[in-house]
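Asker: Have a look at this prediction, sequence included:
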Amino acid sequence: QKEVMRLGLGVAVAGGRVYAASHDGDVAAIDAASGRSLWRTRTKAPLAGGAGASEALVVVGSNDGDVIALDAGSGAERWRVRVGGEVLAAPAVAASAVIVRTVDGRVRSLSLEDGKELWMNEQAVPRLSLRGTAAPVVAGDVAVCGFDNGKVVAFAVGNGDILWETAV
């Protein structure tokens, strides 16, 4: 049996709740103050990236290239879209979009409402690199991503314009 490596399953904290995802597709919300379980949802997807969260939305990604958004209050699935590349890092939930980084060097902005792609940018990545992906970080209207080619790039969340890039 082939062992599958899933490295990006950290927790997210938003609105007084902790959100966690498991490799077998479960996503759970826990009250940060009491530790009480609030809800658990079975996505039935092989999760590898997640969770990312805001007060309203919890987002996870899968090895199969699915991005799944759940209602933060109830755990109900709001939308599910296929992005065409493995999602190994937690998506970032900004005020106006979900920012997703896939292992193939693409960064996508997805609509909070329905997951529709708003913009996409692609960076050339080496043919051979370690299996891992840096999670995008959102600061206000800027999304910052690191890439396997040694670049760090800042994107405007609203339209995907490159604000700056630098080699590390």
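Answerer: Sure thing, it's come through.
Asker: which SS class is Gly160?
Answerer: The three-state label given to Gly160 by DSSP: H, G, I helix; E, B strand; the rest coil is coil.
Asker: Enumerate every residue touching it.
Answerer: Contact analysis of Gly160 by C-beta atoms under 8 Å, 6 or more residues apart in numbering lists 107, 109, 118-121. Just so you know, the C-beta spots here come from the backbone N, C-alpha and C atoms, and that holds for glycine as well.
Asker: could these be laid out in a markdown table, adding distance to Ala135?
Answerer: Output for these, formatted as a markdown table (distance: C-beta to C-beta, whole Å):
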| residue | distance to Ala135 |
| --- | --- |
| Val107 | 11 |
| Ser109 | 15 |
| Leu118 | 19 |
| Trp119 | 18 |
| Met120 | 17 |
| Asn121 | 16 |
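Asker: which of these count as buried?
Answerer: 107, 109, 118-119, 121 (16 or more other C-beta atoms under 10 Å).
Asker: with the residues you listed in mind, which one is nearest to Trp39?
Answerer: Nearest to Trp39 among the buried ones among the contacts of Gly160 is Ser109, at 27.1 Å by C-beta to C-beta.
Asker: Mind listing the strands the helix or strand where that closest one lies pairs with, and their directions?
Answerer: Assigned by DSSP states H and E, Ser109 belongs to strand 106-110. For strand 106-110, the paired strands and their directions (DSSP bridges) read strand 98-101 (antiparallel), strand 117-122 (antiparallel).
Asker: before we move on, the earlier item: dump the buried ones among the contacts of Gly160 into TSV; add pLDDT as well.
Answerer: Converted to TSV, the buried ones among the contacts of Gly160 look like this (pLDDT from 0 to 100):
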residue	pLDDT
Val107	95
Ser109	98
Leu118	98
Trp119	97
Asn121	95
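Asker: and which of the residues you listed is nearest to Ala33?
Answerer: Once C-beta to C-beta is applied, the member of the buried ones among the contacts of Gly160 that ends up nearest Ala33 is Ser109, at 32.8 Å.
Asker: Tell me what that closest one is bridged to.
Answerer: Here Ser109, judged by DSSP bridges, has bridge partners Ile99, Trp119.
Asker: returning to what we had before: kindly present the strands paired with strand 106-110 as TSV, with separate columns for distance to Ala90.
Answerer: Shown next, in TSV, are the strands paired with strand 106-110 (distance: least, C-beta to C-beta, whole Å):
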stretch	distance to Ala90
strand 98-101	9
strand 117-122	18
